[in-house]
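In: How does the following fold in three dimensions:
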Amino acid sequence: MSSRKDEFYRQRRAKLARLRERGIDPYPPRYRRTHTAAEALHAFQAWEEAGAADPAPDVRVAGRITSMRDMGGATFVDLRDGSGKLQAYLRRDVLGEEAYEGLRDLDLGDFLGVAGSLFRTRTGELTVEVREHTLLSKALLPPPEKWHGLADVETRYRQRYLDLMANQEVRDLFTLRSRVVAAIRRFMDSRGFLEVETPVLLPKAGGAAARPFVTHYEALDHDFCLRIATELYLKRLIVGGFDRVYEMGRVFRNEGLSTRHNPEFTLLESYEAYADYNDVAAMVEELVSQVAQELLGTTRIPNPPEADGELDLSPPWRRLTVVEGLRQYAGLDLEAYWEEATLRAAVEKMGVEVTPGAGWAKLVDEVLATCVEPCLMEPTFLMDYPAALSPLAKKKPDDPRFVERFEPFVAGIELGNAYTELNDPLEQQERFREQARQRAAGDEEAERGDEDFLRALEHGMPPTGGLGLGIDRVVMVLTGQRAIRQVILFPQLRLRD
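Out: Predicted structure coming up:
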């Protein structure tokens with residue numbers, strides 16, 4: 001296969017040399033289009049609707065060559081740009097002998113500009129009758145062998161440009177992703193939230209249970225972390241007097257790769273003063289359903305392949321406490337397992353794999369991830385987590401063993417995390433101390449303390465509801481994808497030798 005690719009490359013290099021020998025620049029600096037493929041179609045349709053009395057529209061269009069069909073004295077070429085495909089018809093008797101023979105040095109994958117008038121072929125396909133053509137970029141490597149559907153997953157992720165080139169449905173997916181992001185921003189802006197920006201490089205990474213990436217800041221001669229969340233800085237803004245803030249940006253977590261995890265991902269975080277986790281839950285179900293309705297035209301989406309039927313994203317979503325979820329899906333009554341030793345024995349009996357040395361909170365988390373979360377197909381808020389699992393959330397007044405926290409799930413996919421924020425600086429300081437003890441015991445994902453954040457809390461923060469929503473996972477749900485790499489243009493992959 002490599003020798004075949006080498007031969008293709010040599011042939012294209014030879015054509016490149018011939019073009020230059022004839023004085024043709026194979027990479028000109030510009031080409032002035034008058035229409036995209038879609039605009040050309042609309043212009044011709046408008047001309048037809050007006051009676052087609054005047055001459056047909058003239059256009060200058062450009063795109064990548066995806067098909068060439070030599071008919072002897074005429075050649076049909078399909079050109080694709082970002083808006084669609086348009087056929088070009090090039091004839092020897094129109095272009096002249098020399099210009100027509102120059103088509104022999106064109107290949108699939110080249111970019112070509114053409115000028116001429118529009119017409120429809122006998123089959124009704126819109127076509128440009130070309131008067132002149134201009135090579136815009138000579139491709140030295142051929143397109144994917146299966147031009148109309150690159151299937152190799154490894155190649156699709158590592159060389160996303162080939163995936164986009166070959167698969168229209170992939171281009172459509174990432175177009176939809178951009179529209180999802182824009183729709184979420186419109187939703188947040190319409191509710192009076194202010195979009196802000198907070199630091200990416202931090203002296204300490206906090207706001208989530210995750211291991212950070214660490215880099216050295218030469219000018220300050222100090223190690224800094226890439227942020228694992230935006231939470232602690234956004235809450236500083238609530239302290240400072242903003243009532244509603246949000247940020248949508250990349251965060252980085254030094255964790256393993258999986259179908260649900262990429263070490264860098266896009267996160268929406270929002271904080272609203274004088275709100276609690278019930279208010280945030282109502283906002284989440286409205287946000288997801290409204291975005292689905294706006295972009296998909298429906299709030300109903302297909303269930304994953306392993307389940308039947310459809311899922312309805314419209315409010316209200318199901319509310320299920322952690323205690324109820326463990327009892328229903330894992331057969332575990334948490335009320336009977338508040339001691340680490342008894343819980344560990346029960347978890348081992350269940351056959352759940354746990355991290356060596358995991359404490360009580362980590363054991364609960366592993367059972368939830370293994371036995372409960374995959375079963376939450378219908379839109380569900382899993383609510384009221386044990387306090388030991390949630391160092392930044394406010395305890396429930398009627399049962400301080402638990403906190404006012406929820407995670408939203410759709411199709412077995414966790415979309416985010418939210419809670420009523422802990423605003424007692426002394427309790428927060430003690431929670432950070434407990435996290436430090438867990439880190440000292442070997443839990444590298446335990447929350448890191450932040451003294452300046454504690455100082456901010458000491459100036460007073462009003463009751464606040466906070467949300468973290470994974471944009472990649474929202475897109476997974478809306479598009480029916482089961483792997484996060486399918487919705488990230490350039491996912492992280494293991495390095496090749």
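
In: The host helix or strand of Val59 pairs with which strands, parallel or anti?
Out: Under the criterion of DSSP states H and E, Val59 resides in strand 58-70. Strand 58-70 has the following sheet partners, assigned by DSSP bridges: strand 74-81 (antiparallel), strand 111-120 (antiparallel).

In: Restricting to C-alpha, output that strand in PDB.
Out: Taking C-alpha atoms only, strand 58-70 is exported to PDB below (Å, rounded to 0.1, in the frame of the first residue of the first chain):
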ATOM      1  CA  ASP A  58     -23.100  34.000 -14.800                       C
ATOM      2  CA  VAL A  59     -21.100  32.800 -11.800                       C
ATOM      3  CA  ARG A  60     -17.500  32.400 -10.500                       C
ATOM      4  CA  VAL A  61     -17.400  29.500  -8.100                       C
ATOM      5  CA  ALA A  62     -14.700  27.300  -6.600                       C
ATOM      6  CA  GLY A  63     -14.300  24.100  -4.700                       C
ATOM      7  CA  ARG A  64     -12.400  20.900  -4.200                       C
ATOM      8  CA  ILE A  65     -12.700  18.400  -7.100                       C
ATOM      9  CA  THR A  66     -14.500  15.300  -5.900                       C
ATOM     10  CA  SER A  67     -15.300  13.700  -9.200                       C
ATOM     11  CA  MET A  68     -14.000  13.900 -12.800                       C
ATOM     12  CA  ARG A  69     -15.700  12.200 -15.800                       C
ATOM     13  CA  ASP A  70     -13.900  12.500 -19.200                       C
END
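
In: average model confidence for it?
Out: Averaging pLDDT along strand 58-70 gives 97.

In: mind listing what's buried in that strand?
Out: Along strand 58-70, these residues count as buried under the neighbour rule (16 or more other C-beta atoms under 10 Å): 59-66, 68. C-beta coordinates here come from the backbone N, C-alpha and C atoms, glycine included.

In: what's the answer for stretch 101-121, then?
Out: 102-103, 105-107, 109-116, 118.

In: That one: end-to-end distance?
Out: One end of stretch 101-121 to the other measures 23 Å (C-alpha to C-alpha, to the nearest Å).

In: So for that stretch, mean pLDDT?
Out: Here stretch 101-121 scores 97 as its mean pLDDT.

In: can you give me the offset of that stretch from its chain's centre?
Out: 35 Å (C-alpha atoms, centre = their mean, to the nearest Å).

In: Check stretch 242-258 too.
Out: Put simply, stretch 242-258 sits 12 Å off its chain's centre (C-alpha atoms, centre = their mean).

In: same thing with stretch 36-55?
Out: With C-alpha atoms, centre = their mean as the basis, stretch 36-55 stands 37 Å off its chain's centre.

In: buried set for it?
Out: Neighbour counts over stretch 36-55 (16+ other C-beta under 10 Å) mark 36-37, 39-41, 43-44, 47 as buried.

In: want to throw the residues you listed into CSV with pLDDT?
Out: Shown next, in CSV, are the buried residues of stretch 36-55 (pLDDT from 0 to 100):
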residue, pLDDT
Thr36, 98
Ala37, 98
Glu39, 98
Ala40, 98
Leu41, 98
Ala43, 97
Phe44, 97
Trp47, 96
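
In: before we move on, back to that, quick one: the buried residues of stretch 101-121 as CSV, columns for distance to Glu373 too.
Out: Shown next, in CSV, are these (distance: C-beta to C-beta, whole Å):
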residue, distance to Glu373
Gly102, 61
Leu103, 58
Asp105, 57
Leu106, 53
Asp107, 50
Gly109, 44
Asp110, 49
Phe111, 47
Leu112, 51
Gly113, 52
Val114, 54
Ala115, 58
Gly116, 58
Leu118, 55
